[in-house]
Every structure is written in C-alpha cells, then in structure tokens.
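Chemist: sequence plus predicted model, see below.
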Number of protein chains: 2
Amino acid sequence: MSTNHHMTPDEFREHGKRIVDWIADYYEHVESQRVLPDVKPGEIRSSLPELPPSHGEAFEHVLDDVDSLIAPGLTHWQSPRFMAYFPSNTSFPSILGEMLAAGMGQQGMVWKTSPVATELETHVMDWLVHLMGLPEHFIGNGVIQDTASSATLCALIAARERITNGQANQKGVPDNLVAYTSDQAHSSIQKAARIAGIGDERMRLIPTDEGFRMDVEALQGAIRADKAAGLTPFFVCAAVGTTSSMAVDDVAAIAAMARREADQVWIHVDAAMAGTAAVCPEFRWIHNGVELADSYCFNPHKWMFTNFDCNAFWVADRKELVDALSILPEYLRTAEHLSGDAIDYRDWQIPLGRRFRALKLWFVLRHYGAKGLRDHISDHVALAQSFEAKIVDDPDYDLVVARTLNLVCFAHTRGDAFTERILESVNASGMLYVSHTRLNGRYTIRCSIGGRDQRQRHVDAAWNLIKQTARSLAKEA
Amino acid sequence: MSTNHHMTPDEFREHGKRIVDWIADYYEHVESQRVLPDVKPGEIRSSLPELPPSHGEAFEHVLDDVDSLIAPGLTHWQSPRFMAYFPSNTSFPSILGEMLAAGMGQQGMVWKTSPVATELETHVMDWLVHLMGLPEHFIGNGVIQDTASSATLCALIAARERITNGQANQKGVPDNLVAYTSDQAHSSIQKAARIAGIGDERMRLIPTDEGFRMDVEALQGAIRADKAAGLTPFFVCAAVGTTSSMAVDDVAAIAAMARREADQVWIHVDAAMAGTAAVCPEFRWIHNGVELADSYCFNPHKWMFTNFDCNAFWVADRKELVDALSILPEYLRTAEHLSGDAIDYRDWQIPLGRRFRALKLWFVLRHYGAKGLRDHISDHVALAQSFEAKIVDDPDYDLVVARTLNLVCFAHTRGDAFTERILESVNASGMLYVSHTRLNGRYTIRCSIGGRDQRQRHVDAAWNLIKQTARSLAKEA
C-alpha cells in the first residue's frame, strides 16, 4: 500500500460494510458479554505500540485490532445488563444518522456553512416541542448542545448578562450575583457557576424535602437573606429528575416564588434524564411550570435512543442568549447573518464549530414516531415499577425513596458496608452494572432502567443476581 | 411496520450498507456539485412537515428524503472547490472511526465507564507528541476537546485558578486579572475571557507587526502598564496561524518575556489550523517556544483528515487543569479514580459526558502513517505556493500579506468594493467557495488550501475563475 494514499471510495465501501456488520453483530451479542470489562488501569495502553506508524498500515490490520485490542476494553453501555448511572442510548436509526453526518462532513457554525444542518436543527427542536407538549414560546428557540453541562453554562451566562445588562461580558462578573439550586441538583450546575465566575460561595445549594425535592420555603428564605445582605439573586436552576434519586422539583412553585422575590431572576430547568418521559401524556406533569422558565433542557442522548452527544436546549427569548454569547469577527460575517433572516447557531453555544447533530435526531423521530417512543418509555417505567415491587416485598431491602419514573433506589437492611459489598460483587461478576449514590448519607444502589433493549427478563435477572449475591455474602460473613 | 418497534440488526445491515454506498457515491461526485447550495434562509424548513410523525415511518422513506430534502441544503466542505475559512476535513478512515464509535455507544466520562476510550485517547495524544515533535513533558497530558474554543476556555480557567490559588472557583473572579492576546487572534479567546468572568476590559488585544504577528514589545508595555496599575497579568494566548492571515506569533519571545515580567502568567498556544504542519520537520519552526507554554492545542479536525470535532489539547501540568475543573459528587466516585491509577477525562473539560473520539484519530494515524500525513501536508503547501505565485505575477492583484503555509490572502487593485464583488460573484457561481477578512482595514479574499482532495487542477481552476470573474465585472462597470 502506498503511503501517500487516500483510501478509495471502493475500499471505503468494503471496510464500511464490514463495520456495519461489526455493529450489527455487536448488538446481537452484547448481552452475552461482561458488561464491565475485566481490565485494570494501564492494561490497554500496554498492548499498544509506543510510537505511531511511520508508514500507513493496511486497514484490515486496523479492523483486526479493533477486535483484539479495542473491544475487550469497552464498558457495554448498550447492554441490557447496564443499569448504572443513566442510560446513554443509541439505536440503529441514530447510528445511521451519525454515520451519514460523519460522511457529509458539515460544519454548521453559521447558516451559510450548512443551511441544512441549521434549519433541520431548528425544525427537529420544534418537533420536540410538539411531541413533548413543551411551551409554545419555545418554538423557533431551540438549539442542540453537546451536554446538559453546556446548556446550563449557556443559561447561566445569559442570566448573568441579563442581570448586568451585558456588563459582565465587558467588565467581569460583579461580586453580588447569587445562584441557587438544590443540594440534589447535578454537579454540573456548580461547575458552571465556577466557570462563569460566580463561585461556590455565591452558589446556594438549597436543602431538599423528604422526597429530595428543593424546599421552596428554604429557597425563599435564602433569596430573602441574600437580598437583605445586598446581594442580587440572578439564577435558579430547578431539577426535573435528579441524578441521585430522580426527584422532580416543583418548578411552578419555585418559578412563581422566585419571580415574586426577585423579578429578574433567570429560571433554568434541567430535565437531562427525565425530560423524555414527557412524550407520554401521563408523565407530562414533570414539566408543570416549565412555561414560566427562561430556559429548559433535556438529553435525547439519554432516554430518546439518540447517540451521545445530543442535548436539547430551549430559551424563552433567543435574543438574551445570543446577546450573551455572540462575538462577530470580520471573517465570520455573512449577508444572511446581517439581514437577520438566518440563525447562526455559533451564537447559541460556547464553541464556534458544530456538527450536524440534528440528522440523527430526525432519523430517530421518524423511525419511532410519537407512538413508538411513548410505548418504549411507558414500558421502561413499568419495568422499573416491577423492580420496585420486588424491593418493597423483600424484608431484607429498603426502598430508600419512592420511585419516580424509571429509577429505583434501594439499600440492604444490613447497612452501608454490606450494600456496598453487594454492589461491588455484582459489578465484578460482569453480569450487571449498577452504580451508587448516598441519600441522607445512606449508601444506596441505583437501578436505572431505560436501556433500549431492556425487557422484563433483564430486570428479573438483575434482581435475582442481587438477592443471590447478598445471600452468598451473608454466609461468608 | 409496527410502531413499537426497534430496527432489527438485519434491517440495520441493509440500511447501513446503503448509507455506506451513499457516502462513497457522495465523494465520487461532490466535486461536480455547487459548493454552496442554491437555497435561501427558510427554504429547507418550508419543505418539512410541521409536526413529527405520530407513527414510525419506513426507513426507506427517510433515506429517500435524504436525497430530496437534505442533500440540496449541504454546503460541501468536502469538495475540492471549498477554499473558504479553513478546511474541516474528513477522510474515509475517519468516517469509519465515527461510524464504529457511534455503534459502540461509549460514554467515557470516567475511566470505568469506558476504559478503552480513556486509554486510547491518552495513547493517540502521546502519538501526536511524537509525530509532531511536541515537548516531551506533554506525554501523558493530552486530552481531546471538541474545539479550540473549549480548549482555550479550559486553559483560561486553569490559569485563573492557578493565579488565585483556586479562590476564583470559590469566591468568584477578582477584578484585577488581565489576559492578553493579539488583535489578530481568534474571537474565541475573547469569548472565553467573557465566559470565564474576565471581560473585555481586562482582555488586551495587543497590536501586531507588519506580518500580523503579536508585537512583543507592545505586549511587554501592556504587561508593565497593568502591573503599574496594580493589576495582575495571568494569561497570554499566542497564535500559531491566525485565522485572517495565518500569522505565527513568536511564541519563544512572548513566553520568555512574559515570564520575566510576570512569573505566574499562563502561556497558552492556539495552533488550531497550523499545528498539523508540524508533522513535516520543515514546518516545525512554527512551534518554536511551545516548550515554554503551559498549554497548547491544534485541531486534527482541520488539516489532519479527522472529522470535526477533534481538538488536541495538552497541558504541561495536568494537576493544574484537573484542580481547576474537577468536581466529584458521590455518584461519580470510582475506586480507580480514588486510587489515582486512572484518568477521568471529565475533569479535563467543561462538559461531563464524552464520546469515543480517539477512535477516529487512531484510524487516521494508522491509515496514513507519519509519511502519508507529511506528503499530503507538503503537497498542500506547495499548492498554496503555486497560487501565491499567480497572484504575485498578476499586476491586477496584490498579495496582502506574504503567504504562511497554506493560506493565500489577496485583493484586487481596484479596491475593496471590487474585491468584494469578485468574492460574491465566484461564490454565487457555485464553482468555488472562498471567504474574506480585513487586513489593515483592507477587504481581503482568503484562499485556503488543505482540502483532502485538492490538487493542482483545483487551484488552477480557482484562479482562472477569479480572473475571469474580475474581467467580466470590470466590463460591466
């Protein structure tokens, strides 16, 4: 093979079809693999050559190495045995969308550099508004971000600029701005506040009630105390589905109260995991009050069968977002931008460049349709319900908090150390992957349902494995 | 087709292979397409149904719509007629890497959630250090970001935390920190300073010399004036290859002087476009002084045939980066993290989640090898040289600045309005896409070489089109 060589289209056809088959085979067999790989830190690297090749290699060798060097190091997020964290679903239509987007090689920083990436994005974001019953004023105001972390950061900066009338971008962040979220909200909120120059000391982590929902009275008290101290409340992030326990904050009460106390406060709603549930009318209550929010996001890359990364982010008023994030050097000026006829999504996000992420979401929405998505989501919630019932029925286990949607949080009655040993042991078996949190200080196993291929038998197998593992550990002790 | 239905592996095989063929066909014919599509803002959206489908659709229909609705709205970044902005290259090996990564569905936020995504990333980043002759102390300290914008933001925050001893994350950003870059540096530097709470008023845009390189004496003067005013210089960003003219700042002189004047200042080097040139020993001079930097980045997604997004970012001391960006809630704790044996890349970036981007870069490096990359880069520079020679030889055109590497900046002698009409007219023809900037106030066309499939005939055709267009426009006048 010549070194100064680009792979030919025909070679690509051949290797591409081999990879398509590889992927199909992978999904046919992923369930039979250890869900967590049996590797130690450094092991994978030690099998790779220290230096890059001086001459190009035959692609067949590379594909062989995928099987021998790469596959053994995968954590199988797509396995129905994966019940850790939250799901990070793919689906075949989404993979096809990623493939095609990679082939098209678009970079949609401004409308002109990819009219279709821009317009399809606005369009599928509008579709989601209809599909999920989101507020009408989100229409035309949606953008795809990589993650909820980035969406939160954008919201926080838009809030910062609104309250300072654009002066923070000019002069730096005044030391009187205060942000609020619950002590159960995702760590990315606090991280965003650090990045944006607010800092931990002006990021209030409001206590939560017995269901781990933000205590609205405590929030009110904090806002009043800050105002009394001469500070300016400017940002409240409500969580719809917290990471630890899937708690759903009372957005309506939070927003109404916060606006009364501090009328310029920005309300952001982070529904990263839970949001997808709103495709089902019976779960739409989670979004009560979102119509009062300045911004909202959820992750199709979690529960909507769309490859990571794909966060769906809306603002009530796009001008506030764009004013906060736009910067226009000469080399990015286009007639379409100056006329105001087109969206330049670079002004809606932290980075400049952007991929054609709308394509995979369009594929997913068309393949499943509203009904397909609804059926899957309600199936998953029913599976979680069945798992919850097993916990409730077993005197050796406590349901640490009542289930919301698809997350079941439980602990063994023998205490934290024993519960942790169960988790470590089931994860080490390779038969299941669950992760943990602490709720009111108690070590808690989180069983997160929502993988694309999860069925009753997987949930039953998970429960049986946990029970048997606990029994074996108890005998050893 | 049932609506509560996931595409089967066999259906995926069929559609996937059709998409592989679509992509191969695309590259076989992209050159004959209009490089800029003939669409107006809103036209694409108007052809799409207002509501998402209530029931899933047959995937064949979706693929048909790709041809009729999506393809006509593409700007062909991958066409050899694309000479606007900077290249955003794909290549077949990279597309294969994106396909496979999409299929594997990894989310590598921590080592445990994808050991192979983490370790292959560290490994290919080390390969790049060897391949490009980057400083030895970058070994083990590399991470893939989405874009240079994000890398700069990470560098700026690490700098902010180093100078404040971590206090900015705690208390907010003090109002005495000053950042510096040149008036030719990318707008993302200024945007990062806004996001991170520095603000325009403490972001100095240092004047440049006749070659649009940062004026080191002016930087020194600015640093001294700020110190005299009681301010604290904390961040200098040097540009290796500016967007407007590919100017290469004298990193060695900047770093040495800045460290003398302000010993805690963080030196970041942004080589987003130009960095790839260092695969060729003859262009390695662009990195003189990078060994003095605290951080450095370039974009394999520009000139290294690797799909957007893929920015390669290194720090001299990873602890400074991790200390600035780490936040560890209970639900993300893992034994491997606590032991210090494994890298958790979530602590090296703004978002939490991350894709398996190392795979495409590994495919590219193995397919081309060092020699293949070198040959392509030196070919591209020779093509730019040949285009520059045509400009120099033609009395109707001025080379606005001497060419560096693969960018040629020129204007017609009849003035700005005429040069702008040439650009608009050639872009409207669909036969070429070039973009513009202003250099010393002069409207300038940028002809950017470096597309994967660009050959002498494309450069010659571009020049002939420009010349003929100018002649026609002159006759009309």
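Modeler: Perfect, I can see it now.
Chemist: so A:His6 sits against B:Asn89, correct?
Modeler: No - between A:His6 and B:Asn89 no contact is recorded; they are 10.6 Å apart, counting by C-beta atoms under 8 Å. To be clear about C-beta, it is placed using only N, CA and C from the backbone, and glycine gets the same treatment.
Chemist: low-scoring stretches of chain A, by residue?
Modeler: Low-confidence segments of chain A, defined by pLDDT under 70, are located at A:1-4, A:477.
Chemist: which element is the residue of it found nearest chain B on?
Modeler: Among all residues of chain A, A:Gly197 sits closest to chain B, at 2.0 Å; criterion: C-beta to the nearest C-beta. When elements are defined using DSSP states H and E, A:Gly197 is found to belong to no helix and no strand.
Chemist: distance check, it against B:Ile198.
Modeler: To B:Ile198, A:Gly197 is 8 Å away according to C-beta to C-beta, to the nearest Å.
Chemist: all the strands of the stretch 51-200 of chain A, in order from the start?
Modeler: Using DSSP state E, counting those that start in this stretch, the strands of the stretch 51-200 of chain A run over A:142-145, A:177-182.
Chemist: before we move on, the earlier item: so the residue of chain A closest to chain B sits against B:Gln170, correct?
Modeler: No - here A:Gly197 does not reach B:Gln170: they are 11.6 Å apart, not a contact under C-beta under 8 Å.
Chemist: who's more crowded, these two?
Modeler: Regarding A:Gly197 and B:Gln170, a neighbour count based on other C-beta atoms under 10 Å in any protein chain shown identifies A:Gly197 as having more, with 29 against 15.
Chemist: helix or strand right after the longest helix seen in chain A?
Modeler: Determined from DSSP state H, the single longest helix within chain A is helix A:358-393. Downstream of helix A:358-393, the first helix or strand assigned by DSSP H and E is strand A:397-404.
Chemist: now the very next helix or strand once past that following strand against strand A:397-404, angle please.
Modeler: Beyond strand A:397-404 on the C-terminal side, the first helix or strand identified by DSSP H and E is strand A:407-412. Between the axes of strand A:407-412 and strand A:397-404, defined by axes from the mean of the first three to the mean of the last three C-alpha atoms, to 10 degrees, the angle is 170 degrees.
Chemist: what's near enough to touch the residue of chain A closest to chain B?
Modeler: Counting by C-beta atoms under 8 Å, 6 or more residues apart in numbering or on different chains, A:Gly197 makes contact with A:Arg160, A:Ala168, A:Gly172, A:Val173, B:Ala168, B:Gly172, B:Val173, B:Ala196, B:Gly197, B:Ile198.
Chemist: and it, how close does it get to A:Ser295?
Modeler: 19 Å.
Chemist: would you agree A:Thr118 is in contact with A:Trp111?
Modeler: Yes - in terms of C-beta under 8 Å, A:Thr118 counts as a neighbour of A:Trp111; the distance is 4.7 Å.
Chemist: these two: who's more crowded?
Modeler: Taking A:Thr118 and A:Trp111 together and counting by other C-beta under 10 Å, A:Thr118 has the greater number of neighbours (29 against 23).
Chemist: and the nearest residue to A:Asn288 once chain neighbours are set aside, what element?
Modeler: Using C-beta to C-beta, 6 or more residues apart in numbering or on different chains and skipping residues adjacent in sequence, the residue nearest A:Asn288 is A:Ala252, 5.0 Å away. In the assignment (DSSP H and E), A:Ala252 maps to helix A:251-261.
Chemist: for that helix, list the C-alpha coordinates in CSV.
Modeler: As requested, the backbone C-alpha atoms of helix A:251-261 are provided in CSV (Å, rounded to 0.1, in the frame of the first residue of the first chain):
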residue,chain,number,x,y,z
VAL,A,251,-40.9,24.1,39.0
ALA,A,252,-44.2,26.0,39.1
ALA,A,253,-43.8,26.9,42.8
ILE,A,254,-40.1,27.7,42.5
ALA,A,255,-40.6,29.9,39.5
ALA,A,256,-43.6,31.8,40.9
MET,A,257,-42.0,32.4,44.2
ALA,A,258,-38.6,33.3,42.8
ARG,A,259,-40.1,35.8,40.3
ARG,A,260,-42.0,37.4,43.2
GLU,A,261,-38.9,37.8,45.3
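Chemist: please enumerate the helices of the stretch 101-250 of chain A.
Modeler: For the stretch 101-250 of chain A, helices defined by DSSP state H, counting those that start in this stretch occupy the ranges A:115-132, A:148-163, A:167-171, A:187-195, A:216-228.
Chemist: same list (these) but as TSV, adding distance to chain B.
Modeler: What follows is the helices of the stretch 101-250 of chain A, written out as TSV (distance: least, C-beta to the nearest C-beta, whole Å):
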stretch	distance to chain B
helix A:115-132	3
helix A:148-163	4
helix A:167-171	4
helix A:187-195	4
helix A:216-228	14
